[in-house]
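Participant: sequence unknown, structure follows:
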Ligand SMILES: [Zn+2]
């Protein structure tokens, strides 16, 4: 290689490095088959007797009527007893915020949550069914993307357990619905136990990590989390009479402008939800713009999307009319608490 070609090669390598470092989210294990078309079987672990699709994010369980809110990523490394031993790595720079080391308390078994600040938004990654959390790792500890935080396992408190064959890490990317979840839960379900405080699954609303990672892969440096969130498909649009939404305060970039509400004062919000109940677009509304006196009103439903992804049961059809189902109402109660 002549001098100029060598210099060019160095420049190209630097360019590639810049491209790689621009990728905010990384896969949490060495299994990268997600990016190889046709290799889905080597990446996802399906449920017993079901195809790999049942290990993806979405309405993929119980004939499409049960949500799986993460990716089940296949084990690649095993010890002599065939137990999983893949290192589990942080998907992005962040802070260890919670871990559970009493597997009997959760169907997630041993699990760990990392908080990330990305484009001004707080997002949490969750890694479940771990054999072991890295010894010495502490709550509040800062970690780097790609840093090993745990070892893959198959811990869970479910009766059936997870077989060696199906060993995987369950990986989620979530946002907090409400920072006052614990008191909401106590008030709403006074007789039920909440072992995980704000980390109760009901308070976490997930994004599809597969779609996110593929979008990042194809868009490279142009990828943005905010754009990804804004690009969600609408399941329904609701109006809520609640002038103070913690979601709107925490994610101002998802809130559109409305001169009428700016002038007259915000009485509530119009909210677009995806099929998983993710509030991805909010428009402030003035009292004069809100037709209904009800606290919650269903404005529209994307019937095609509901047919495709009905498992959250947020809305339902009664006598040809759409209405908010109890799960939808519950979500709005929590969002507006
Ligand atoms: Zn899972």
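Facilitator: Done, it's in. Worth saying up front: this structure is predicted, and the values here are computed from it rather than measured.

Participant: For my notes, confirm residue 173 occurs in a helix.
Facilitator: No - counting by DSSP: H, G, I helix; E, B strand; the rest coil, residue 173 is not found in a helix; it is strand.

Participant: In the stretch 1-150 of the chain, what residue comes closest to the ion?
Facilitator: residue 72 (4.2 Å; CB to the ion). C-beta coordinates here come from the backbone N, C-alpha and C atoms, glycine included.

Participant: so who does that residue touch?
Facilitator: With contacts defined as CB atoms under 8 Å, 6 or more residues apart in numbering, residue 72 is in contact with 44, 45, 46, 55, 166, 168, 169, 170.

Participant: and which of the residues you listed is nearest to residue 96?
Facilitator: Among the contacts of residue 72, residue 169 lies closest to residue 96 (CB to CB), at 16.0 Å.

Participant: Can you tell me the SS state at the closest residue to the ion within the chain?
Facilitator: Closest to the ion within the chain is residue 170: 3.5 Å, counting by CB to the ion. At residue 170, secondary structure determined by three-state DSSP is strand.

Participant: Distance across stretch 33-45, terminal residue to terminal residue?
Facilitator: End-to-end span of stretch 33-45 (CA to CA, to the nearest Å): 12 Å.

Participant: My error: substitute stretch 250-257 in the last question.
Facilitator: For stretch 250-257, the end-to-end distance is 16 Å (CA to CA).

Participant: before we move on, the earlier item: hey, what's the residue of the chain closest to the ion bridged with?
Facilitator: residue 72, residue 128 (DSSP bridges).

Participant: my guess is it contacts residue 128, does it?
Facilitator: Yes - the pair residue 170 and residue 128 qualifies as a contact (CB atoms under 8 Å) at a distance of 3.9 Å.

Participant: Return every residue with contacts to both of those two.
Facilitator: Common neighbours of residue 170 and residue 128 (CB under 8 Å, 6+ apart) are 70, 108, 111.

Participant: what's across from the spatially most central residue of the chain in the sheet?
Facilitator: Note on the chain: the residue nearest the mean C-alpha position is residue 206, at 2.3 Å, using CA atoms, centre = their mean. Beta bridges link residue 206 to residue 174 when assigned by DSSP bridges.

Participant: for it, what are its contacts?
Facilitator: 57, 69, 70, 172, 173, 174, 276, 278.

Participant: now, among these, which is nearest to residue 258?
Facilitator: Using CB to CB, the contacts of residue 206 come closest to residue 258 at residue 278, 21.2 Å.

Participant: Kindly state the pLDDT recorded for that closest one?
Facilitator: Looking at residue 278, its pLDDT reads 98.

Participant: was I right about it contacting residue 232?
Facilitator: Yes - taking CB under 8 Å as the definition, residue 278 is a contact partner of residue 232 at 6.1 Å.

Participant: Can you pick out the residue with more neighbours from these two?
Facilitator: residue 278 (22 against 19; other CB atoms under 10 Å).

Participant: do you know how far the more buried one is from residue 309?
Facilitator: Residue 278 sits 12 Å away from residue 309, going by CB to CB, to the nearest Å.

Participant: next one: residue 31
Facilitator: Taking CB to CB, one finds residue 31 at 26 Å from residue 309.

Participant: same question, residue 77
Facilitator: 34 Å.

Participant: which of the two has more neighbours?
Facilitator: A direct count of neighbours by other CB under 10 Å for residue 77 and residue 309 places residue 309 higher, at 19 against 15.

Participant: who's in contact with the residue lying closest to that one once chain neighbours are set aside?
Facilitator: In this structure, residue 309 finds its nearest non-sequential neighbour in residue 275, 3.6 Å apart by CB to CB, 6 or more residues apart in numbering. Neighbour list for residue 275: 59, 233, 235, 305, 306, 308, 309, 310, 311, 312, 314 [criterion: CB under 8 Å, 6+ apart].

Participant: out of the residues you listed, which are inside strands?
Facilitator: residue 59 (DSSP state E).

Participant: of all the contacts of residue 275, which two lie farthest apart?
Facilitator: Between any two of these (CB to CB), the greatest distance is 14.6 Å, for 233 and 311.

Participant: okay, these two: which has more neighbours?
Facilitator: Between residue 233 and residue 311, counting by other CB under 10 Å, residue 311 is the more crowded of the two (19 against 13).

Participant: got a pLDDT number for the closest residue to the more buried one other than its chain neighbours?
Facilitator: Counting by CB to CB, 6+ apart, residue 59 is the residue found nearest to residue 311 once chain neighbours are left out, at 3.5 Å. Per-residue confidence at residue 59 stands at 97 (pLDDT).

Participant: Many thanks, have a good one.
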